[in-house]
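A.B. asks: Sequence and predicted structure below; questions after.
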Amino acid sequence: MISQSGSVEFTIMGKTADLTVVQKTIIDTLHKEGKPQKVIAKEVGCSQSAVSKHINRKLAGREKCGRKRCTSRRDDRSLERIVRKRPFKSVGELHKEWTEAGVSTSRATTHRRILQMGFKCRISLIKPLLNNKQRQKRLTRAKDKKNWSVAQWSKVLFSDESKFCISFGNQGPRVWRKNGDAHNPRCMKSSVKFPQSVLVWGAMSSAGVGPMCFIESRVNTAVYQEILEHFMVPSADKLYGDADFIFQQDMAPAHTAKSTKTWLNNHQITVLDW
């Protein structure tokens with residue numbers, strides 16, 4: 001804009017726009033070719049000062065607009081501690097605890113900060129409810145078998161009962177966790193056997209799988225021995241033929257009962273120490 005004051009003319013310049021990506025690219029190219037800044041400015045259509053600042057990597061662009069961040073780094077660290085301590089809480093519950101600690105913010109901001117920290121809302125994995133004695137026993141068993149060869153493990157016929165939920169809404173609790181924390185004990189829920197579901201017995205080995213048995217009653221010694229007779233033995237015949245094999249089962253009461261041990265001995269079944 002041109003203004004007059006007596007005989008003096010002067011120009012009032014507004015703040016120029018930031019250089020575009022194309023302009024910056026042209027400046028870099030011409031500068032590499034050794035062109036003077038005055039020539040570059042004329043070619044690009046900007047001031048020589050803008051060219052100089054860009055070449056010296058001092059042009060950072062105008063300060064961006066927007067509201068100032070409403071939480072400090074200290075506030076954010078306190079929220080992360082809360083989430084790590086109580087990962088199964090909802091956003092509303094975490095927001096309430098954070099605001100009670102003296103942080104004034106909205107529920108939406110709390111949710112946004114949690115996501116920015118890398119936490120994601122996921123369905124929790126379920127782990128067996130084990131006591132220290134059971135954990136130690138499993139560790140000892142793993143150490144005893146850690147040097148087994150593939151050929152040795154190939155002789156094992158693995159078996160187990162497993163429940164399958166046939167209704168919706170049983171996905172388990174949700175937990176706030178970061179990538180890589182799926183198996184962190186803090187981010188897992190303990191389970192007990194067995195909620196209402198369909199129960200299936202099955203067996204498998206390196207040679208394949210055997211037939212499944214759908215169980216409609218409680219697994220006592222009598223029921224389990226019928227499963228062994230009508231499903232385990234046929235599975236072994238199918239997968240191993242006349243070759244020797246080792247049968248694996250867990251320590252459920254029906255599996256370790258005296259009558260079950262007698263049944264296995266009478267049928268000359270070698271059982272893996274489990």
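C.D. replies: That came in fine, so what should we check first? Numbers count the residues shown, from 1 in each chain.
A.B. asks: Quick check: chain neighbours aside, which residue is closest to residue 154?
C.D. replies: In this structure, residue 154 finds its nearest non-sequential neighbour in residue 206, 4.3 Å apart by C-beta to C-beta, 6 or more residues apart in numbering. From N, CA and C alone the C-beta is placed, and that goes for glycine too.
A.B. asks: isn't the one you found right up against residue 151?
C.D. replies: No: using C-beta atoms under 8 Å as the test, residue 206 is too far from residue 151 to be in contact (9.5 Å).
A.B. asks: anything in contact with each of the two?
C.D. replies: Both residue 206 and residue 151 lack any common contact, where contact means C-beta atoms under 8 Å, 6 or more residues apart in numbering.
A.B. asks: quick one: which of those two has more around it?
C.D. replies: More crowded of residue 206 and residue 151, by other C-beta atoms under 10 Å: residue 206, with 13 against 8.
A.B. asks: quick one, phi psi at the more buried one?
C.D. replies: phi -60, psi -20 (degrees, to the nearest 10).
A.B. asks: Would you mind listing the residues in contact with it?
C.D. replies: Going by C-beta under 8 Å, 6+ apart, residue 206 touches 150, 153-154.
A.B. asks: Tell me where this structure has helices.
C.D. replies: Ranges of helices within the chain are 21-32, 37-44, 48-55, 73-85, 91-100, 107-116, 132-145, 150-154, 221-227, 233-240, 253-256, 258-266, based on DSSP state H.
A.B. asks: Which of those sits closest to residue 180?
C.D. replies: Closest to residue 180 of these, according to C-beta to C-beta: helix 73-85, at 13.8 Å.
A.B. asks: can I get the contacts of residue 206 in JSON lines with neighbour count, distance to residue 140 and pLDDT?
C.D. replies: Shown next, in JSON lines, are the contacts of residue 206 (neighbours: other C-beta atoms under 10 Å; distance: C-beta to C-beta, whole Å; pLDDT from 0 to 100):
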{"residue": "150", "neighbour count": "7", "distance to residue 140": "22", "pLDDT": "95"}
{"residue": "153", "neighbour count": "13", "distance to residue 140": "18", "pLDDT": "96"}
{"residue": "154", "neighbour count": "14", "distance to residue 140": "23", "pLDDT": "96"}
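A.B. asks: Among those, which one lies nearest to residue 108?
C.D. replies: Distances from residue 108 to the contacts of residue 206, taken by C-beta to C-beta, are shortest for residue 153, at 52.7 Å.
A.B. asks: Name the nearest residue to the closest one, sequence neighbours excluded.
C.D. replies: residue 206 (7.0 Å).
A.B. asks: any idea how far the one you found lies from residue 175?
C.D. replies: Distance, residue 206 to residue 175, using C-beta to C-beta, to the nearest Å: 35 Å.
A.B. asks: Residue 244: how many residues sit nearby?
C.D. replies: Neighbour tally, residue 244, other C-beta under 10 Å: 8.
A.B. asks: ugh, typo on my part, it should be residue 181
C.D. replies: Quick note: residue 181 (other C-beta under 10 Å) scores 19 neighbours.
A.B. asks: ok, the nearest residue to it once chain neighbours are set aside - contacts?
C.D. replies: Spatial nearest neighbour of residue 181, excluding adjacent residues (C-beta to C-beta, 6+ apart): residue 187 at 5.1 Å. Listed by C-beta under 8 Å, 6+ apart, the contact set of residue 187 reads 87, 124-125, 175, 177, 181.
A.B. asks: run the last query once more with 7 Å
C.D. replies: 87, 124, 175, 177, 181 (C-beta atoms under 7 Å, 6 or more residues apart in numbering).
A.B. asks: just to revisit the earlier point, could you export the contacts of residue 206 as a markdown table, including distance to residue 139?
C.D. replies: Formatted as a markdown table, those follow (distance: C-beta to C-beta, whole Å):
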| residue | distance to residue 139 |
| --- | --- |
| 150 | 22 |
| 153 | 19 |
| 154 | 24 |
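A.B. asks: List just the nearest of these to residue 260.
C.D. replies: Once C-beta to C-beta is applied, the member of the contacts of residue 206 that ends up nearest residue 260 is residue 153, at 23.8 Å.
A.B. asks: The closest one and residue 250, how far apart?
C.D. replies: Residue 153 is 17 Å from residue 250, by C-beta to C-beta.
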